[in-house]
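Asks: I would like to see how this sequence folds:
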Amino acid sequence: MRRTALLTVLAVLVLLVGSVPAFAQGSYPPGTTWNSPFVVQNMGTTTAMVYVEYYRISDGAFISSATESFSLQPGRGRLVDPKLNPDPNLTAGLYSVVISSDEPVAAVVSEEATNRQMGYTGLPAGGEKVYLPNITKNYYTFNTPFYIQNSGNSTTSVTIEFFYFTTGQKVTSATRIISLPPNVSYEYDPALVPDSELPTNKQYSVVATAAPGGSIVAAVNQISSNTYLAYSGFSGGADRVYAPNIVKGYAGYITPAVIQNVGTVTATVTVEYYGMTDGVFYSGAGAKNVALGPGLSLPERPWTWPDSVLPNNKQYSMIIRGNPGDKLVAIVNQNRSGPTYIDGTAYNAFTAGYQYVYIPWVMKGYGGYLTPIVIQNVGTTPATFSVRYFDLDTGVEYPNAGAKNFTLNAGQSVPERPWTYSDTNLPNNKRFTVVIEGQSGNKLAAICTHVKSGSVDLSFAYEGMGRNP
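Replies: A predicted model of the protein is given here:
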């Protein structure tokens, strides 16, 4: 049957069983075996026919015989695990994946190894530019391999440019120009690049630009000796950026944000904190009227504000405001450590909201995981929403679970916690997909964090995807 790809979601990194030689030399520990299962969710209103295609990164080969297809009812999801694909041509290695459907779909990828995990949201087809706010080479032990994928229909030339994090000065020696066939990804690992090309112990922002008419997306892995985080590249910015979950000491977490000006003129940045659930505005906290030049990044660190200005042991939502026409983006890292655990997760802050938000992968006790969701109203008027849970494996809906007709003021966030529902209303040791349904004109955003208590960084976070009618 002919496919009509109304929305293509690109899971940029899929690792199959076996070591990858390039990683053995770089940021990934030698001998580590990585796997990347992912969940696809139907964001449409009718049953979707979904196709999953694999492209080998090393040579760009399309493994057509490994293509998987299945149908999904609205709101439902399916777990796809590449290591279980029986096709002998899908050998151990590094792949990019294209997911296409006759309905809009969402996807989330979990990159997994022993005591290591990170994840990110699959990406719709992009534009000519991708912005990466935080790229490092051996900076506080972090290296950040990243992956650029051609989401267009023809081969395109891509220019990759590096800029020093705080000065914005271009690192001319690090510029690369590559050629990418359709659907194929390119891997760049700073740890493997000579210091003469890219200086070590530095923090950078990166801009990747496709040839006119080209379309690219990107994902970044942030890796240290014991912490693993991932985020997706940005195709553009906005003069308001929203972060649903910012914490100062709450449950042992700290959450630095990195704000980047992806525009061509100096932006003026103001950061605002609001108490989660109660919506209290903490006017003294946050950067105020900071001039941020084109391409420059600005760290915002909640713990640097005194408790009298921003109370400790609290959760917040954040709004980052620029002047009209400014182009800003931001990522948020969620980190914590204790005597028996260390966790690191990351998510992209939002530049837009939706009436319907889709969360493909939620768990209540499954494998020891808890997966809190944080929902933010990124509109300018109150929003009222309800949350629906569907069994990931069977598609059965649990109508008595989830917040119902909950109203959020503009900018406010609220947590949705699956484990707070009784086992009668939401069974334990299960996996789910979630749909957040707002009312007409609402603008909602949400993130989901997977946390395994007592683990060594078996956690990841991702952004929900949305649609408007």
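Asks: what's the first helix or strand after the worst-scoring helix or strand of the chain on mean pLDDT?
Replies: Between all helices and strands in the chain, the lowest mean by mean pLDDT, DSSP states H and E belongs to helix 21-25, at a mean of 31. Next along the chain after helix 21-25, taking DSSP states H and E as the criterion, comes strand 38-42.
Asks: residues in contact with residue 103?
Replies: Under the criterion of C-beta atoms under 8 Å, 6 or more residues apart in numbering, the contact partners of residue 103 comprise 6-7, 42-49, 72, 74. Heads up, the C-betas are built off the backbone N, CA and C, glycines and all.
Asks: how about a cut-off of 6 Å?
Replies: For residue 103, the contacting residues are 42, 44, 48, taking C-beta atoms under 6 Å, 6 or more residues apart in numbering as the criterion.
Asks: quick one: which of the residues you listed is most hemmed in?
Replies: Neighbour count (other C-beta atoms under 10 Å) singles out residue 42 as the most crowded of those, with 28 neighbours.
Asks: against residue 88, how distant is that residue?
Replies: Here the criterion is C-beta to C-beta, to the nearest Å. By it, residue 42 lies 30 Å from residue 88.
Asks: same thing with residue 221?
Replies: Between residue 221 and residue 88 the distance is 28 Å, computed by C-beta to C-beta.
Asks: higher neighbour count, the two?
Replies: The residue with more neighbours, out of residue 221 and residue 88 and counting by other C-beta under 10 Å, is residue 221; that gives 22 against 8.
Asks: hmm, residue 143 and that one touching each other?
Replies: No - counting by C-beta atoms under 6 Å, residue 221 stays clear of residue 143, with 8.6 Å between them.
Asks: what about stretch 343-358, average pLDDT?
Replies: For stretch 343-358, mean pLDDT rounds to 93.
Asks: coming back round to it: ok, so of the contacts of residue 103, who is nearest residue 383?
Replies: Sorting the contacts of residue 103 by distance to residue 383 puts residue 44 at the head of the list, at 22.1 Å, by C-beta to C-beta.
Asks: helix or strand for that closest one, which one?
Replies: Element membership for residue 44 (DSSP H and E) is empty, with no helix or strand holding it.
Asks: skipping its backbone neighbours, what lies nearest it in space?
Replies: Computed as C-beta to C-beta, 6 or more residues apart in numbering, the closest residue to residue 44 that is not its neighbour in sequence is residue 103, at 3.0 Å.
Asks: next up, the contacts around residue 379.
Replies: Taking C-beta under 6 Å, 6+ apart as the test, what residue 379 contacts is 353, 410, 443.
Asks: could you look up the SS state of residue 448?
Replies: strand (DSSP: H, G, I helix; E, B strand; the rest coil).
Asks: let's see the pLDDT reported for it.
Replies: Each residue has a pLDDT score; the one for residue 448 is 97.
Asks: roughly how far apart are the residue nearest to residue 128 when sequence neighbours are not counted and residue 179?
Replies: Of all residues not flanking residue 128 in the chain, residue 210 sits nearest, at 4.8 Å (C-beta to C-beta, 6+ apart). When C-beta to C-beta is the yardstick, residue 210 and residue 179 sit 11 Å from each other.
Asks: and stretch 276-291, how far from the chain's centre?
Replies: Once both centres are worked out by C-alpha atoms, centre = their mean, to the nearest Å, stretch 276-291 turns out to sit 24 Å from its chain's centre.
Asks: avg pLDDT for stretch 364-384?
Replies: The average pLDDT for stretch 364-384 rounds to 95.
Asks: could I get the buried residue list for that stretch?
Replies: Along stretch 364-384, the positions that meet the burial threshold by neighbour count (16 or more other C-beta atoms under 10 Å) are 364-366, 369-379, 383.
Asks: surely residue 272 is in a strand?
Replies: Yes - going by three-state DSSP, the assignment for residue 272 places it inside a strand.
Asks: does it touch residue 319 like I think?
Replies: Yes - under the criterion of C-beta under 6 Å, residue 272 is in contact with residue 319, at a separation of 4.6 Å.
Asks: before we move on, the earlier item: would JSON lines of the contacts of residue 103 with pLDDT and distance to residue 429 be doable?
Replies: As requested, the contacts of residue 103 are exported to JSON lines (pLDDT from 0 to 100; distance: C-beta to C-beta, whole Å):
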{"residue": "42", "pLDDT": "96", "distance to residue 429": "24"}
{"residue": "44", "pLDDT": "94", "distance to residue 429": "29"}
{"residue": "48", "pLDDT": "95", "distance to residue 429": "28"}
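Asks: which one of those residues sits closest to residue 397?
Replies: Within the set of the contacts of residue 103, residue 42 lies nearest residue 397; the separation is 13.5 Å, counting by C-beta to C-beta.
Asks: show me what contacts the closest one?
Replies: Here residue 42 is in contact with 48, 72, 74, 76, 103, 105 (C-beta under 6 Å, 6+ apart).
Asks: tell me which of those is nearest to residue 400?
Replies: Sorting the contacts of residue 42 by distance to residue 400 puts residue 76 at the head of the list, at 18.3 Å, by C-beta to C-beta.
Asks: who does residue 135 bridge with?
Replies: Residue 135 has these beta-bridge partners by DSSP bridges: residue 204.
Asks: contact partners for it?
Replies: For residue 135, the residues meeting the contact criterion (C-beta under 6 Å, 6+ apart) are 144, 204, 206.
Asks: residue 360: how many residues sit nearby?
Replies: 29.
Asks: that one belongs to a strand, doesn't it?
Replies: Yes - when three-state DSSP is applied, residue 360 is found to be in a strand.
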